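**Q** The following comprises the amino acid sequence and a computationally predicted model.
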Amino acid sequence: MAKKESKKPEKPQETEAAETAPISEAEAELEKVKAELASEHDDRLRLAAEYDNYRKRTQKERDALYTEIRAETVGKFLPVFDNLQRALVQETADEAYKKGVEMTMTGLREIMTALGVTEYGEVGETFDPAKHNAVMHCEDESLGENVIAEVFQKGFCVGEKVIRFAMVKVAN
């Protein structure tokens, strides 16, 4: 009888194993599909992030290139600006000529302002070696330390990019 009793419990266990085997295979298949789905989802997220980074990087490069081109173009017009500035300082008896030079200078300044170009380098400003080129030094007690005493040539910049350094005389 012990043999019969040992067979009876084996039969229910065998049927449980037979029933759990298909469920385990289905669960394993489900887990495999879930893992593949998670992998595909992760790949798509990475691809979207890479595209977003590419888009941002190219936008920054475009903006930097635009600024560089503006700076280079304006730099080529600075000798004309300097000549007009010298012409304005000269005395002339012809008022129409003087008015024409003033109008030309005003138009050039308006265009440069529209391009985002700023002019700097005034007497009394603090000397900044990142923006100014000190070509002379003088002792003047009426001015403070590292103060611009005289401007020989104006400086120009587009945003943070310096197009031309201002040539100045620095006091003390």
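**A** In hand now; what should we look at?
**Q** C-alpha only now, for contacts and for neighbours.
**A** Will do.
**Q** Quick one: end-to-end distance for stretch 120-140.
**A** With C-alpha to C-alpha, to the nearest Å as the measure, stretch 120-140 spans 22 Å from end to end.
**Q** Need the residues that contact stretch 88-98.
**A** With contacts defined as C-alpha atoms under 8 Å, 6 or more residues apart in numbering, stretch 88-98 is touched by Val101, Glu102.
**Q** make it 10 Å
**A** With C-alpha atoms under 10 Å, 6 or more residues apart in numbering as the contact definition, stretch 88-98 has outside contacts at Asp82, Ala87, Lys99, Val101, Glu102, Met103, Thr104, Met105.
**Q** List just the nearest of those residues to Ala149.
**A** Of all the contacts of stretch 88-98, Ala149 sits closest to Asp82, with 19.8 Å by C-alpha to C-alpha.
**Q** Report the contact partners of the closest one.
**A** Going by C-alpha under 10 Å, 6+ apart, Asp82 touches Leu88, Met105, Gln153, Lys154.
**Q** just so I have it, where are all the helices in this protein?
**A** For the chain, applying DSSP state H gives helices covering 2-89, 95-114.
**Q** weakest of these by average pLDDT?
**A** With a mean of 84, helix 2-89 has the lowest mean pLDDT of the helices of the chain.
**Q** which two in the contacts of stretch 88-98 are spaced the farthest apart?
**A** Among the contacts of stretch 88-98, Asp82 and Lys99 lie farthest apart (C-alpha to C-alpha), at 17.1 Å.
**Q** What residues does the most centrally placed residue in the chain make contact with?
**A** Geometric centre of the chain, nearest residue: Lys60, 5.1 Å, by C-alpha atoms, centre = their mean. Shown in contact with Lys60 (C-alpha under 10 Å, 6+ apart): Tyr54, Tyr66.
**Q** ok, now how distant is it from Cys157?
**A** Counting by C-alpha to C-alpha, the gap from Lys60 to Cys157 is 19 Å.
**Q** And for Glu68?
**A** Relative to Cys157, and taking C-alpha to C-alpha, Glu68 is found at 11 Å.
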